[in-house]
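Q: Need the 3D shape of this:
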Amino acid sequence: MAEAAVRERPFIAVHDAYAWALHRAGRDDQALAEAKRALSLGTRSALFLYHRGAIQQALGDNSSALRDLERVLAIAPSFHPLHAPAAREAIRRIDDTP
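A: Alright, predicted model coming up:
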């Protein structure tokens, strides 16, 4: 259903939703490509950046994840009741990584 939505309505919000769905399904390589499409126009969306950061972290790209997650909290420290605390926790875990 999400693939059809991206084909029929290739808006940045649809790409972001599809990226998050792919991530939640464990398809992080594909998810990252969609997350990049969602941000390709320079959108300053804390949620979109959080999604890309979480996907990058899942792929083991901690430096890119850290950059996005820190930017998220700089843009909107309370952007989402669940994801804002998760972003802070992810940053803490990355910072604690040897």
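Q: can you give me the helices in this protein?
A: 2-8, 12-24, 28-38, 46-58, 62-75, 83-96 (DSSP state H).
Q: Give me whichever of the ones you listed is most buried.
A: Mean neighbour count (mean count of other CB atoms under 10 Å) peaks for helix 46-58 among these, with a mean of 24. Placement of C-beta: from N, CA and C, glycine included.
Q: what's the distance between that one and the middle of its chain?
A: Distance of helix 46-58 from the chain centroid (CA atoms, centre = their mean, to the nearest Å) equals 2 Å.
Q: Mind giving me the packing neighbours of that helix?
A: helix 12-24, helix 28-38, helix 62-75, helix 83-96 (3 or more CB pairs under 8 Å, 6 or more residues apart in numbering; DSSP states H and E).
Q: what's the neighbour count on Gly26?
A: 8 (other CB atoms under 10 Å).
Q: Could you check how far it is from Asp61?
A: 16 Å (CB to CB, to the nearest Å).
Q: likewise Thr97?
A: Distance from Thr97 to Asp61, by CB to CB: 12 Å.
Q: Also Tyr18?
A: 20 Å.
Q: show me the contacts for Asn62.
A: Listed by CB atoms under 8 Å, 6 or more residues apart in numbering, the contact set of Asn62 reads 56, 94, 97.
Q: hang on, isn't the first one packed against Val72?
A: Okay, so that is Gln56. No - Gln56 is not in contact with Val72 according to CB atoms under 8 Å; the separation is 12.0 Å.
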